[in-house]
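Undergrad: No letters, just coordinates:
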């Protein structure tokens with residue numbers, strides 16, 4: 001399966017080059033996993049501050065100022081599929097999830113330009129709307145290439161997320177409660193509560 005390492009070994013007649021490439025691949029994969037885990041803990045922390053997920057995800061350690069409990073939960077949730085599912089299934093699910101996120105970001109660029117034309121922006125996407133439309137098309141094409149079994153698994157994860165939202169997040173959202181109360185301005189407490197310390 002390590003095609004590049006195999007080719008280098010055959011071409012050079014030595015296993016050193018292939019070993020170096022394999023080591024680099026392991027380090028790269030580990031760094032990507034850590035980056036994804038780090039990002040996921042911060043996303044869950046923000047969602048928890050609004051009440052969309054349980055408040056355990058917003059608790060931070062007074063010693064490290066990091067969401068230790070959330071990091072442990074995310075680590076366990078990452079480790080279980082990695083331990084029991086096939087590598088292809090895990091990779092395809094990570095790929096389709098990332099591509100779906102990027103497609104939504106491209107849609108958001110278009111939506112924000114139309115709904116909030118006067119919004120202060122630190123960066124403007126060049127060649128609008130061509131670039132975001134191409135981004136959407138490319139992401140959808142790559143998602144299509146992951147195969148129907150991956151789409152079914154992805155749909156199951158989306159359905160599980162929708163269930164969590166309907167049964168928990170919708171009722172506990174602070175921003176939703178502020179809107180339902182008829183408040184036009186979002187209060188600081190509703191927008192982003194102070195993180196709880198463990």
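TA: That came through, no problem. Everything numeric here is computed off the predicted structure, so don't read it as measured data.

Undergrad: the bottom helix or strand of this structure by mean pLDDT?
TA: helix 188-191 (a mean of 46; mean pLDDT, DSSP states H and E).

Undergrad: Hmm, residue 97 is touching residue 151, no?
TA: No - Residue 97 is beyond contact range of residue 151, at 11.6 Å (criterion: CB atoms under 8 Å). For every residue, glycine as well, the C-beta is placed using N, CA and C.

Undergrad: Quick check: which ranges of the protein have low pLDDT?
TA: 1, 183-198 (pLDDT under 70).

Undergrad: Point to the residue nearest the middle of it.
TA: Nearest residue to the geometric centre of the chain (CA atoms, centre = their mean): residue 40, 5.8 Å.

Undergrad: Do you have the helices of this protein handy? List them.
TA: 3-12, 16-50, 68-84, 87-115, 130-144, 148-164, 170-172, 174-180, 188-191 (DSSP state H).

Undergrad: Save those as JSON lines, and put in distance to residue 122 too.
TA: Rendered in JSON lines, the data for those read as follows (distance: least, CB to CB, whole Å):
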{"stretch": "helix 3-12", "distance to residue 122": "38"}
{"stretch": "helix 16-50", "distance to residue 122": "19"}
{"stretch": "helix 68-84", "distance to residue 122": "28"}
{"stretch": "helix 87-115", "distance to residue 122": "13"}
{"stretch": "helix 130-144", "distance to residue 122": "17"}
{"stretch": "helix 148-164", "distance to residue 122": "30"}
{"stretch": "helix 170-172", "distance to residue 122": "32"}
{"stretch": "helix 174-180", "distance to residue 122": "23"}
{"stretch": "helix 188-191", "distance to residue 122": "20"}
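
Undergrad: now residue 94: how far from residue 32?
TA: 9 Å (CB to CB, to the nearest Å).

Undergrad: Comparing those two, which residue is more hemmed in?
TA: residue 94 (15 against 11; other CB atoms under 10 Å).

Undergrad: the residue most distant from the middle of this structure, which is it?
TA: residue 13 (41.4 Å).

Undergrad: where's that residue relative to residue 5, distance?
TA: 14 Å.

Undergrad: what do you get for residue 170?
TA: Distance from residue 170 to residue 5, by CB to CB: 49 Å.

Undergrad: Those two - which one has more neighbours?
TA: residue 5 (19 against 12).
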